[in-house]
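Participant: show me how the following folds:
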Amino acid sequence: MADLRKLPNLSALRAFEAAARNDSFSRAAEEIYVTPGAISHQIRTLEQELGVQLFMRHGKRITITAQGQRFAATIRKSLNEIALAAEALQLDAKQKRLTVSALPSFAARWLAPRLWKFIDLHPDTEVVLQSSNHLNDLEREPIDVGLRYGLGNYPGLIVEKLMDDFYYPVASPHYRDGKLPKTPQELEQCSLLRMDTESSWLPWFEAAGVDLVEPTGGLLIEDASMLLRSASDGLGIALTRHAIALQEIASGELVRLFDVVARCPLSYYFACTREAMDKPQVQAFHRWLTAEVRAFKAQSEWPGEPGA
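Facilitator: Residues are numbered from 1 along each chain as shown. Model prediction:
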C-alpha cells in the first residue's frame, strides 16, 4: 500500500486535472474559482514535486505531455470515485436506504409480499428490492444484503443460514379434468414439468419409493414462477419448492400431491459485507427477516425430514 503521507497536494491535483481536461489554464481557473495564475503556480509546484514536466508551454498555449495524459487519467478516475463516495454519504445522511438482492422467484413470491411489514416498522428507510439470477458481488456492487440460494460458501462475507427448502409435486385441481394421480407411481402417465438440473425429479422419486426415470423431452422451463404458472394452467405436474408455492396452494390454483418431500440440495442464506452489517438499516432488516422466517416456518406446516 502506498504511503499516503507522500500524496501530492490535493488542490494541485485538482487544478492539474481540470487544466488537462479543459486544455487550458484559464478554463480550469473558471471551473474551480481561482485565478489562471494560481492554476499555473499549483501545476509548476506539482511538476517540481514529481520531477516530471506535465505541460509544454507555448506562450499562452499549453500542450499536455504523454506522461501528463496518463497521470491525468489516473487522477480523474480517483477524483470521480471520491465524488461518488461523497454523494453516497450525502444520500445516506438525508435518507436511510436498504438495497436487497434475491432470486426472482424468492423475491416475488416470498419476500415482496412480506416487505410491507418491515417498511411499516421502519418508515424512514427506503427499501430497494432487486431480483436477479446473477450472483451479485456484494463487495463491489451497491447492494447491502444478498438473499442467496446456494451452499452457503461465500468467502469474505457475513453469512447466516435462513432456512432449508423442500420439493414436492403440485398440480392444478383441473389437470386431466380433475383426475389427479392417487399414488406416486401414477406420475408415470402424467406430464412432468421440468425446470433445471438442480430440481431433478429423481430425489423425490427415491423419497417416494418409486422406480421412475427422470423425464426428458417436452417443455423445459428456466424460471420457477413460470413453472408454477404452467402447472396452474394445467400443462402438467410441477416439482416445486415449498417456500415459493404457498401462494398458489393457498388460493386453490394448485394442490399439493402426496405427503412425500425431498430436501433441496441448496438452502437460503442471508449474506452481506462486514461494512454493510454496521449500517443500522441492515441490522434492523436482519432482525426482522430472522423473525419472519421463524414465523413462516411455524405457520406454514414446514415439512419434516425427507420421506416424512
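Participant: C-alpha from now on. contacts and neighbour counts both.
Facilitator: Noted.
Participant: buried residues in stretch 288-299?
Facilitator: 289-290, 292 (16 or more other C-alpha atoms under 10 Å).
Participant: any residues touching that stretch, and which ones?
Facilitator: Applying C-alpha atoms under 8 Å, 6 or more residues apart in numbering, the contact partners of stretch 288-299 are 118, 162-163.
Participant: tell me the mean pLDDT over it?
Facilitator: Regarding stretch 288-299, the rounded mean pLDDT is 92.
Participant: tell me how far C264 lies from V255.
Facilitator: Distance, C264 to V255, by C-alpha to C-alpha, to the nearest Å: 20 Å.
Participant: which residues are in contact with I32?
Facilitator: By C-alpha under 8 Å, 6+ apart, the neighbours of I32 are A15.
Participant: phi, psi for it please.
Facilitator: Main-chain torsions, I32, degrees, to the nearest 10: phi -110, psi 10.
Participant: any idea of the pLDDT on the nearest residue to V210 once chain neighbours are set aside?
Facilitator: The spatially closest residue to V210, leaving aside those adjacent along the chain, is Q185, at 6.0 Å (C-alpha to C-alpha, 6 or more residues apart in numbering). Here the pLDDT value assigned to Q185 is 94.
Participant: and Q185, which of the three is it?
Facilitator: At Q185 the chain is in helix, as set by DSSP: H, G, I helix; E, B strand; the rest coil.
Participant: wouldn't it be in contact with V213 here?
Facilitator: No. Contact between Q185 and V213 fails when scored by C-alpha atoms under 8 Å: they sit 11.2 Å apart.
Participant: higher neighbour count, the two?
Facilitator: Q185 (14 against 10; other C-alpha atoms under 10 Å).
Participant: just for the protein, where's the confidence low?
Facilitator: Residues of the chain meeting the criterion pLDDT under 70: 1-2, 91-95, 196-199, 218, 300-308.
Participant: pick out the residue nearest the middle of it.
Facilitator: Note on the chain: the residue nearest the mean C-alpha position is S101, at 3.2 Å, using C-alpha atoms, centre = their mean.
Participant: now the longest helix seen in the chain: buried residues?
Facilitator: Longest helix of the chain, by residue count under DSSP state H: helix 66-94. By neighbour count on 16+ other C-alpha under 10 Å, the buried set for helix 66-94 is 68-69, 71-72, 75-76, 79.
Participant: check stretch 268-280 too.
Facilitator: Residues 268-273, 276-277 are the ones in stretch 268-280 that count as buried (16+ other C-alpha under 10 Å).
Participant: looking at those, which are in helices?
Facilitator: Counting by DSSP H, the part of the buried residues of stretch 268-280 found in helices is 276-277.
Participant: F55 contacts T65, correct?
Facilitator: Yes. Assessed by C-alpha under 8 Å, F55 is found in contact with T65 at 5.4 Å.
Participant: more neighbours: which of these two?
Facilitator: Taking other C-alpha under 10 Å, F55 and T65 do not tie; F55 has more neighbours (22 against 15).
Participant: who does the more buried one bridge with?
Facilitator: Assessed by DSSP bridges, F55 has beta-bridge partners I64.
Participant: that older thread, nearest to I244, of the buried residues of stretch 268-280?
Facilitator: Taking C-alpha to C-alpha as the measure, I244 lies nearest Y268 of the buried residues of stretch 268-280, at 12.0 Å.
Participant: OK, contacts around the closest residue to the closest one other than its chain neighbours?
Facilitator: Excluding its sequence neighbours, the residue lying closest to Y268 (C-alpha to C-alpha, 6+ apart) is Y149, at 4.5 Å. Y149 makes contacts with 103, 266-269, as judged by C-alpha under 8 Å, 6+ apart.
Participant: also A72?
Facilitator: A72 touches 16-17, 20, counting by C-alpha under 8 Å, 6+ apart.
Participant: much appreciated, bye for now.
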